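Colleague: structure here, sequence nowhere to be found:
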């Protein structure tokens, strides 16, 4: 079935979360994504959080690997030696986009940097993903999502005021960065369509975290204000936080004066006090307002609160656990859940975070087993069977690789 990126081939040298999340979106859009992995081990994410029972049940890899690697084909290549590097150079000549997240300088040592690949294919789009960027005092330091939550100040505003900083529970910097990379790649493809020119592009966890902290930095630069931890509250408006319910918790956000009026009337008209009528009033009387609203909400169930406030056009949500959120019928109704075969079972996964109503984005391929597509990938890129066998003998696919993929 034709998709928006049908005919675009992506050589994916990235691993773990941010890079694979980006290339999965490209695969959902129809690109042929070739995932290059380390022989024997593969992408490190294949082993994240697995137990022996998990390994036996999910032979392709961990749940986090499966979540980020559908619509890809896998080949295992040893980049520590010249046979593997030579193989990847030739593969890159047949690809439109090359993505990597090695540390600065690694691709140049491999002979796979932009200048080397542009000499083989002038219109290649070469995508580099870094921790802190290619230059600067921290560029040589490895980092992950948590490190950038710390460095960016995100952890300093996350948690309760009288408790130590905490991390955001999900890999928010990684996944935000993945969409930035997708946007850059699509822009570069559009530029190439118009001009015929490829280009190098880059992003980083640092840039992603800075974008997430955008208005906090802006406030600091403009006013010198350094915000701290406020639990689930927010300095921008009141109320804007979690409140207790009789059977759990709900979030209530009423940033405008009109929405606060509707919220107060829906909860208890006695809350609609003159001293809380404006945004500035509510900021000034934050503690008293929160205590009064909490006294009302804890007498009601979360279902009642969501219904009452939702009907009044007030921003409200029940605080769900992961199972409740994943099983909620609204997720499926929003077309945010997809299904695909995984061996003899069916796997559910989160869809790409958008829908193109003029072009499909359904999954075509389950996450691959390590190296499962080697011979077909290389044949598609013009390698003969004899050439593949010779490369295997040279160790391009690791010391124990057979002459054809299992």
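Modeller: Received the coordinates, thanks. Quick caveat: nothing in here was measured; it's all calculated off a predicted structure.
Colleague: after the helix or strand where residue 115 lies comes which helix or strand?
Modeller: Here residue 115 sits within helix 114-120, counting by DSSP states H and E. Next along the chain after helix 114-120, taking DSSP H and E as the criterion, comes strand 125-130.
Colleague: quick one: mean pLDDT over that next one.
Modeller: Average pLDDT, strand 125-130: 97.
Colleague: could you do stretch 99-117 as well?
Modeller: Averaging pLDDT residue by residue across stretch 99-117 gives 96.
Colleague: who's in contact with it?
Modeller: Counting contacts by Cβ atoms under 8 Å, 6 or more residues apart in numbering, the residues outside stretch 99-117 that touch it are 10-16, 18-19, 22-23, 79, 85, 88-89, 92-93, 98, 124, 126-131, 134-135, 139-140, 142, 181, 185, 200. (Glycine included, C-beta is placed from N, CA and C.)
Colleague: now, of the residues you listed, which are buried?
Modeller: By neighbour count, with 16 or more other Cβ atoms under 10 Å, the contacts of stretch 99-117 hold 10-16, 18-19, 22-23, 79, 85, 88-89, 92, 98, 124, 126-131, 139, 181, 185, 200 as buried.
Colleague: other residues contacting stretch 292-310?
Modeller: Taking Cβ under 8 Å, 6+ apart as the rule, stretch 292-310 contacts 239, 243-250, 252, 263, 266-268, 271, 315-319.
Colleague: may I see the buried residues of stretch 176-188?
Modeller: Neighbour-count burial for stretch 176-188, counted by 16+ other Cβ under 10 Å, picks out 176-182, 184-185, 188.
Colleague: mind listing residues that contact it?
Modeller: Under Cβ under 8 Å, 6+ apart, the answer for stretch 176-188 is 17-22, 25-26, 97, 99, 125, 127, 129, 198-199, 201, 203-205, 207-208, 211-212, 353.
Colleague: and stretch 340-360, by the same measure?
Modeller: 1-4, 24-25, 28-30, 58-60, 66-67, 70, 179, 335-339, 361, 363, 365-367.
Colleague: change it to 6 Å
Modeller: The contact list for stretch 340-360 (Cβ atoms under 6 Å, 6 or more residues apart in numbering) reads 3-4, 25, 28, 335-339, 361, 363, 366.
Colleague: which of these has the weakest pLDDT?
Modeller: The minimum pLDDT among those falls on residue 361, with 79.
Colleague: how many residues are close by that one?
Modeller: Residue 361 has 20 neighbours, counted by other Cβ atoms under 10 Å.
Colleague: surely it and residue 28 touch.
Modeller: Yes. With contact defined as Cβ atoms under 6 Å, residue 361 counts as touching residue 28 (4.7 Å).
Colleague: not including adjacent chain positions, what is the nearest residue to residue 142?
Modeller: residue 131 (6.0 Å; Cβ to Cβ, 6 or more residues apart in numbering).
Colleague: now do the helices in the stretch 151-300 of the chain.
Modeller: Counting by DSSP state H, counting those that start in this stretch, the stretch 151-300 of the chain has helices at residues 172-195, 205-212, 214-223, 257-267, 279-284, 286-297.
Colleague: in a strand, that's where residue 317 is, yeah?
Modeller: Yes. Counting by DSSP: H, G, I helix; E, B strand; the rest coil, residue 317 is part of a strand.
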